[in-house]
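Visitor: Sharing a model that was predicted from the sequence below.
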Amino acid sequence: MVNRGTYHSRTSITARFFSRKPSPFASTLQIFCIFAFSIVLFLFYTRNSLEDEQKQPYFFKQSQFNEADLLSDMQTSDGKLWDAPFSYGVHPCIKPTAKFKAAMGSDHYMTVRSNGGLNQMRTGISDMVAVAHILNATLVIPQLDKRSFWHDSSTFSDIFDELYFIETLRGDVQIVKELPRELEALPRARKHFSSWSGVSYYEELTQLWKDYQVIHVAKSDSRLANNDLPLDIQRLRCRALYHALRFAPSIESLGKKLVERLRSRGGRYIALHLRYEKDMLSYTGCTYGLSDTESEELRIMRENTKHWKVKKINSTEQRAGGLCPLTPKEVGIFLRALGYPPSTLIYIAAGEIYGGNTHLMELTSRFPNVVFKEALATQEELRAFANHASQTAALDYIISIESDVFVPSYSGNMARAVEGHRRFLGHHKTISPDRKGLVEVFDMLENGQLEESMLSHLVWQMHEDRQGAPRERRGPIQGIKGRGRFRTEEAFYENPYPECICTSKRHFE
Ligand SMILES: *[C@@H]1O[C@H](CO)[C@@H](O)[C@H](O)[C@H]1NC(C)=O
Ligand SMILES: *[C@@H]1O[C@H](CO)[C@@H](O)[C@H](O)[C@H]1NC(C)=O
């Protein structure tokens with residue numbers, strides 16, 4: 001439920017690519033192109049991991065697959081399932097450098113309309129803190145998105161601890177609750193900032209202060225580049241997101257309570273972000289395993305949602321490309337193959353699962369200890385959260401951060417934000433499914449091309465390096481020109497290493 005508004009663009013590029021009805025010649029050409037592209041990707045990643053290996057040899061050596069692992073596949077050791085990856089003593093580092101000065105912009109103001117779901121807004125707001133600093137502006141507490149898919153009317157202070165936000169960032173930027181009354185009637189410079197902009201873009205915009213006292217920002221998501229920003233700006237983003245943007249006390253306290261209840265049930269738990277919700281399936285055009293009626297319902301929803309540009313999607317191709325959220329059944333097979341026993345406690349961090357029990361059953365038949373927030377909290381406790389999707393998403397966020405293992409079924413905004421935060425807090429285990437590889441293996445299994453006994457080995461091999469161990473953030477895929485290249489970068493908040501996560505040698509703070 002947490003990702004909405006603009007969805008992640010990697011999906012839409014590919015979806016657009018697949019959206020035309022091809023002639024036989026075009027299909028052959030397309031298949032050839034995909035093949036050639038795969039080789040380029042393969043070469044790129046091989047090269048890239050070699051580069052990483054030279055820079056930080058020890059990070060990668062521990063995760064080499066060896067004979068002993070092969071033998072222990074079937075009885076995966078407890079530690080392998082639950083322990084955080086070895087973190088080599090890296091630690092958070094978010095203090096400003098000696099050069100850093102607070103922005104005191106006392107008579108210039110920036111108002112912001114934040115857009116998207118909870119996690120898109122949180123990262124967007126953190127970026128706006130950094131932008132206000134670059135612009136030397138006083139930031140007015142942002143307005144939240146009330147028009148997005150989930151129609152949540154919550155205000156900033158309903159979701160976040162507003163005073164704490166203002167106080168925590170006092171040494172960085174001035175933040176006020178409201179625009180001073182005398183400025184309300186003044187004309188504002190209304191800006192739609194370019195996506196993924198650097199510091200020079202914003203420094204040029206300070207020219208606006210000559211004519212205006214207030215800049216209004218129409219959208220807050222992905223307005224700031226992931227990379228090539230000054231260290232102090234990157235660290236400010238981390239201070240904003242990981243320290244200042246705390247949830248409101250009522251949300252924090254219920255979140256903590258639910259974590260305690262989970263712990264009292266089974267000790268350890270997996271938080272599964274099962275992004276198998278109607279909007280996501282409709283948007284991605286993924287209908288694998290659904291009935292004709294369901295597929296049709298999703299298609300109609302996509303047709304009728306104006307801001308989703310891609311309408312015709314071939315579900316088979318989408319799935320084969322690794323662009324679909326894993327189904328509840330696929331997640332069940334995946335977790336069993338990794339070696340999690342059927343008794344494992346799994347918290348579902350998600351909204352309403354599409355098709356309800358009919359689809360969920362294929363997960364719960366493998367893992368009977370699946371719990372939803374409705375089973376953990378009393379009706380009374382949840383009453384205040386009803387019809388406030390962002391607030392329930394915040395509960396899911398807290399429970400996901402605190403979990404022993406976090407598994408997202410799709411790489412959306414929540415998955416990325418939680419993964420990054422867990423990296424920041426000490427590289428807690430996050431297993432990112434290799435969806436493209438997995439569906440290939442599942443299909444082979446279904447077609448009898450693969451022995452069931454080989455599954456576990458294959459799945460482990462595929463995910464040995466996808467457990468959330470420390471590594472530097474990935475840059476853009478090379479060879480992609482222009483702005484498109486930014487879309488291929490790993491997001492700053494998905495992995496704030498190296499700016500906000502340091503080795504002991506560097507800036508011990
Ligand atoms: C920031 O704004 C304040 C007050 O508006 C001004 O005194 C200061 O010089 C500005 N700083 C920079 C770096 O422009
Ligand atoms: C979808 O793509 C698959 C594989 O490329 C193809 O076999 C199938 O006919 C396509 N379906 C439609 C409805 O175009």
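Guide: Cool, the structure landed. Ligands and ions are numbered 1, 2, ... in the order given.
Visitor: Can you give me the distance of residue 219 to residue 81?
Guide: Note on residue 219: its distance to residue 81, by CB to CB, to the nearest Å, is 41 Å. In short, each C-beta sits where N, CA and C put it, glycine included.
Visitor: now residue 291
Guide: Distance, residue 291 to residue 81, using CB to CB: 35 Å.
Visitor: When those two are compared, which one has more neighbours?
Guide: Between residue 291 and residue 81, counted using other CB atoms under 10 Å, residue 81 has the larger neighbour count: 19 against 11.
Visitor: Which helix or strand contains that one?
Guide: With elements taken from DSSP states H and E, the one containing residue 81 is helix 78-82.
Visitor: Just say helix, strand or coil for residue 293.
Guide: In terms of secondary structure, residue 293 is helix; the call rests on DSSP: H, G, I helix; E, B strand; the rest coil.
Visitor: Compute the number of surrounding residues for it.
Guide: For residue 293, the neighbour count with other CB under 10 Å is 8.
Visitor: and if you look at the one 3 residues further on?
Guide: Neighbourhood size, residue 296 [other CB under 10 Å]: 12.
Visitor: mind checking pLDDT for it?
Guide: pLDDT, residue 296: 97.
Visitor: could you check the distance from residue 461 over to ligand 1?
Guide: The spacing between residue 461 and ligand 1, counted by CB to the nearest ligand atom, to the nearest Å, is 53 Å.
Visitor: same check, this time on residue 112
Guide: Computed with CB to the nearest ligand atom, the distance linking residue 112 and ligand 1 is 19 Å.
Visitor: tell me which element that residue falls in.
Guide: Using DSSP H and E, residue 112 sits in strand 109-112.
Visitor: pLDDT on the helix or strand following that strand, on average?
Guide: Reading on from strand 109-112 to the C-terminus, the next helix or strand found by DSSP H and E is helix 118-135. For helix 118-135, the per-residue pLDDT values average out at 97.
Visitor: Downstream of helix 118-135, the next helix or strand is which one?
Guide: strand 138-140.
Visitor: What residues sit buried inside stretch 103-111?
Guide: Neighbour-count burial for stretch 103-111 flags 103, 105, 108-111 (criterion: 16 or more other CB atoms under 10 Å).
Visitor: Pull up the distance across it, start to finish.
Guide: For stretch 103-111, the first and last residues are 16 Å from each other (CA to CA, to the nearest Å).
Visitor: Now tell me what touches that stretch from outside.
Guide: Identification of contacts with stretch 103-111 by CB atoms under 8 Å, 6 or more residues apart in numbering yields 128, 131-140, 142-143, 172-174, 176, 179-180, 183, 188, 209, 213-217.
Visitor: Those also near ligand 1: which ones?
Guide: By CB under 6 Å from any ligand atom, the members of the contacts of stretch 103-111 lying near ligand 1 are residue 136.
Visitor: Quick check: phi and psi on residue 270?
Guide: Backbone dihedrals for residue 270, given as degrees, to the nearest 10, come out at phi -100, psi 130.
Visitor: Phi first, then psi, for the residue nearest to residue 113 when sequence neighbours are not counted.
Guide: The shortest distance from residue 113 to any residue other than its chain neighbours is 5.0 Å, reached at residue 143 (CB to CB, 6 or more residues apart in numbering). Note on residue 143: backbone dihedrals following degrees, to the nearest 10 are phi -80, psi 150.
Visitor: ditto for residue 271
Guide: phi -100, psi 120.
Visitor: likewise residue 501?
Guide: Per degrees, to the nearest 10, the backbone of residue 501 is at phi -130, psi 120.
Visitor: Same check on residue 483?
Guide: Torsion angles at residue 483 (phi, psi; degrees, to the nearest 10) stand at phi -70, psi -30.
Visitor: ditto for residue 247
Guide: Main-chain dihedrals, residue 247, degrees, to the nearest 10: phi -70, psi 160.
Visitor: In contact with it, which residues are there?
Guide: Residues near residue 247 by CB under 8 Å, 6+ apart: 159-161, 255, 394, 397-398.
Visitor: and if you look at residue 144?
Guide: Each residue near residue 144 by CB under 8 Å, 6+ apart is listed here: 114, 121, 152, 154-156, 159, 390.
Visitor: of the residues you listed, list those near ligand 2.
Guide: The residues of the contacts of residue 144 that also fall near ligand 2, by CB under 6 Å from any ligand atom, amount to none at all.
Visitor: any idea which of these is closest to residue 369?
Guide: Each of those was checked against residue 369 using CB to CB; the closest is residue 390, at 27.8 Å.
Visitor: so what's that closest one up against?
Guide: Residues in contact with residue 390 (CB under 8 Å, 6+ apart) are 117-118, 121, 144, 150, 152, 154, 159.
Visitor: now do residue 364
Guide: residue 370.
Visitor: What's the local residue count around the closest residue in space to residue 224 that isn't next to it in sequence?
Guide: Distances taken as CB to CB, 6+ apart place residue 127 nearest to residue 224, at 4.2 Å, with adjacent residues excluded. Burial measure for residue 127: 27 neighbouring residues, criterion other CB under 10 Å.
Visitor: same check, this time on the one 10 residues further on
Guide: Other residues within reach of residue 137, judged by other CB under 10 Å, total 27.
Visitor: How about it: what's its closest non-neighbour residue?
Guide: In space, and not counting its chain neighbours, residue 137 is closest to residue 110: 4.1 Å by CB to CB, 6+ apart.
Visitor: burial of whichever residue of the stretch 351-500 of the chain sits closest to ligand 1, as a residue count?
Guide: Across the stretch 351-500 of the chain, no residue is closer to ligand 1 than residue 499, which sits at 22.0 Å (CB to the nearest ligand atom). If you count neighbours by other CB under 10 Å, residue 499 ends up with 21.
Visitor: my read is it is in a strand, agree?
Guide: No. Under three-state DSSP, residue 499 sits outside any strand and is assigned coil.
Visitor: domains in this structure, as residue ranges please.
Guide: Domains of the chain are assigned by automatic domain parsing as 73-88+251-476+496-502, 109-244.
Visitor: want to throw those domains into CSV with distance to residue 96?
Guide: Below are those laid out as CSV (distance: least, CB to CB, whole Å):
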stretch, distance to residue 96
domain 73-88+251-476+496-502, 12
domain 109-244, 5
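Visitor: do you know which of the ones you listed lies nearest residue 483?
Guide: domain 109-244 (6.9 Å).
Visitor: that older thread, from the contacts of residue 144, list just the buried residues.
Guide: The neighbour-count test (16+ other CB under 10 Å) applied to those identifies 114, 121, 152, 154, 156, 159, 390 as buried.
Visitor: Contacts only, for residue 226.
Guide: Neighbouring residues of residue 226 by CB under 8 Å, 6+ apart: 196, 473, 486, 489-492.
Visitor: What is the most widely separated pair among the residues you listed?
Guide: Farthest apart among these by CB to CB are 196 and 473. That separation is 14.1 Å.
Visitor: higher neighbour count, these two?
Guide: In this comparison of residue 196 against residue 473, neighbours counted by other CB under 10 Å, the higher total goes to residue 473 at 20 against 17.
Visitor: Contacts only, for the more buried one.
Guide: Neighbouring residues of residue 473 by CB under 8 Å, 6+ apart: 226-227, 489-490, 492, 494-498.
Visitor: and those, which of them are in helices?
Guide: Among the contacts of residue 473, no residue falls in helices (DSSP state H).
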